[in-house]
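In: below is the sequence, then the predicted model.
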Amino acid sequence: MRWTRVLIPFITVALMAPALASADPTPPEQLARQTVQKVLNDLDGRRAELRNNPQELYALIERDLIPLIDLPYMSQLVLGRYWRQASPEQRQRFQAAFKNMLVRTYGSALLGFNNDINIEYKPVRAPDDAKRVTFNAVIHSPNGQDTPVSLQLHKVQDQWKVYDGSVGNLSFVTNYRGQFNSAIRRQGLEDFIEEMEKRYNSGNS
């Protein structure tokens with residue numbers, strides 16, 4: 001299965017993150033369900049329009065999804081040991097290119113999602129003063145296949161931010177770290193960052 005397809009349930013659960021930060025007494029899994037449904041409703045009927053206008057799609061993803069992610073920490077995790085070797089300027093450039101990659105990948109994946117999905121939300125079990133939580137869900141597909149999804153969040157300035165997620169046993173961070181580290185070993189860090197910039201920065205903020 002292509003990684004962009006594996007990302008789809010991860011994206012869906014990532015959209016639940018605002019529910020976890022809410023002070024509303026409604027159970028977080030119920031708020032998560034409402035959050036996901038709202039996003040899918042917003043996309044409903046606009047998929048053809050957004051496919052033909054990718055910049056509008058990217059703007060939607062950057063507005064609604066990227067703020068839910070701890071991008072600096074996730075960038076550090078996916079770059080692995082090369083983060084320590086990178087200069088401050090290289091870190092900044094990589095983070096910008098990585099964000100644009102996420103925007104494009106998430107946008108394409110969300111267009112393939114629809115309101116027919118069946119998501120079973122698991123209760124969040126963590127103490128009230130927890131700094132890190134794991135949110136679990138199961139995606140039930142029409143063909144009868146069940147896909148477990150987990151989302152790792154931690155608090156950043158009193159807001160929950162996503163820093164990793166997994167589909168089954170496949171971690172988002174681990175997958176990209178393996179891909180990126182392999183490329184850096186072949187071509188070097190600077191050339192890798194330049195390639196990311198050429199591929200993802202064009203036409204994106």
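Out: Okay, I see it.
In: and the helices in the chain?
Out: 3-14, 17-21, 28-43, 47-52, 54-64, 71-79, 81-85, 88-111, 172-187, 189-200 (DSSP state H).
In: any buried residues in the fifth one, and which?
Out: When burial is assessed from 16 or more other C-beta atoms under 10 Å, helix 54-64 yields the following buried residues: Pro54, Leu57, Tyr58, Leu60, Ile61, Glu62, Asp64. Glycine gets a C-beta too; all of them are placed from N, C-alpha and C.
In: so which of the residues you listed is the closest to Ser141?
Out: Ile61 (23.2 Å; C-beta to C-beta).
In: and the pLDDT at that closest one?
Out: We note a pLDDT of 79 for Ile61 in this prediction.
In: does it touch Ala109 like I think?
Out: No: using C-beta atoms under 8 Å, Ile61 makes no contact with Ala109, being 9.7 Å away.
In: would you list the helices of the chain in CSV and tack on distance to Val156?
Out: Below are the helices of the chain laid out as CSV (distance: least, C-beta to C-beta, whole Å):
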stretch, distance to Val156
helix 3-14, 15
helix 17-21, 10
helix 28-43, 18
helix 47-52, 29
helix 54-64, 18
helix 71-79, 8
helix 81-85, 18
helix 88-111, 15
helix 172-187, 16
helix 189-200, 24
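In: so for His140, which of those helices sits nearest?
Out: Nearest to His140 among those is helix 3-14 (10.5 Å), distances taken as C-beta to C-beta.
In: great, nothing more from me.
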